[in-house]
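J.: 3D, please:
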Amino acid sequence: MSEPAPTLALSFKTEVRSYEEVQRMRYVTSIERLAKEEGIEEGIVQNSRESVLEVLETRFG
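T.: Numbering: from 1, shown residues only. Okay, here's the model as predicted:
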């Protein structure tokens with residue numbers, strides 16, 4: 001045990017912070033990730049449709 005106490009304490013604090021970060025992070029499954037991507041894509045398509053309709057209504061009544 002030749003490691004000085006301050007270095008050991010710093011190492012311990014670093015490990016604890018790392019552990020706490022891992023515990024706070026929510027695991028996202030590949031299915032959830034795909035669903036989120038599909039939702040984003042659907043939102044983009046919907047927004048584009050609404051924009052086109054708004055332009056058409058403004059232009060042609």
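J.: List the buried residues in the strand or helix carrying residue 11.
T.: Using DSSP states H and E, residue 11 sits within helix 5-24. Using 16 or more other Cβ atoms under 10 Å as the test for burial, helix 5-24 gives no buried residues. Placement of C-beta: from N, CA and C, glycine included.
J.: now swap in stretch 32-48 and tell me
T.: Buried residues in stretch 32-48, counted by 16+ other Cβ under 10 Å: none are found.
J.: Give the residue spans of this structure that score low on pLDDT.
T.: Scanning the chain for pLDDT under 70 picks out 1-4, 25.
J.: Mind naming the longest helix for this structure?
T.: With secondary structure taken from DSSP state H, the chain has its longest helix at helix 30-60.
J.: helices and strands around that one, which ones?
T.: Packing contacts for helix 30-60, counted by 3 or more Cβ pairs under 8 Å, 6 or more residues apart in numbering; DSSP states H and E, involve no helix or strand.
J.: Give me the distance from that helix to the chain's centre.
T.: Distance of helix 30-60 from the chain centroid (Cα atoms, centre = their mean, to the nearest Å) equals 20 Å.
J.: residues near residue 51, how many?
T.: Residue 51 is flanked by 10 other residues according to other Cβ atoms under 10 Å.
J.: Revised request: answer the last question for residue 26.
T.: 6.
J.: Look at it and tell me its secondary structure.
T.: coil (DSSP: H, G, I helix; E, B strand; the rest coil).
J.: hmm, back to that, what is the helix holding residue 11 packed up against?
T.: Using 3+ Cβ pairs under 8 Å, 6+ apart: helix 5-24 touches no other helix or strand.
J.: Need the contact partners of that helix.
T.: Outside helix 5-24, not one residue touches it by Cβ atoms under 8 Å, 6 or more residues apart in numbering.
J.: any idea how far residue 46 lies from residue 61?
T.: 23 Å (Cβ to Cβ, to the nearest Å).
J.: likewise residue 41?
T.: Look at residue 41 and residue 61: by Cβ to Cβ, they are 31 Å apart.
J.: now do residue 17
T.: From residue 17 to residue 61 the distance is 62 Å (Cβ to Cβ).
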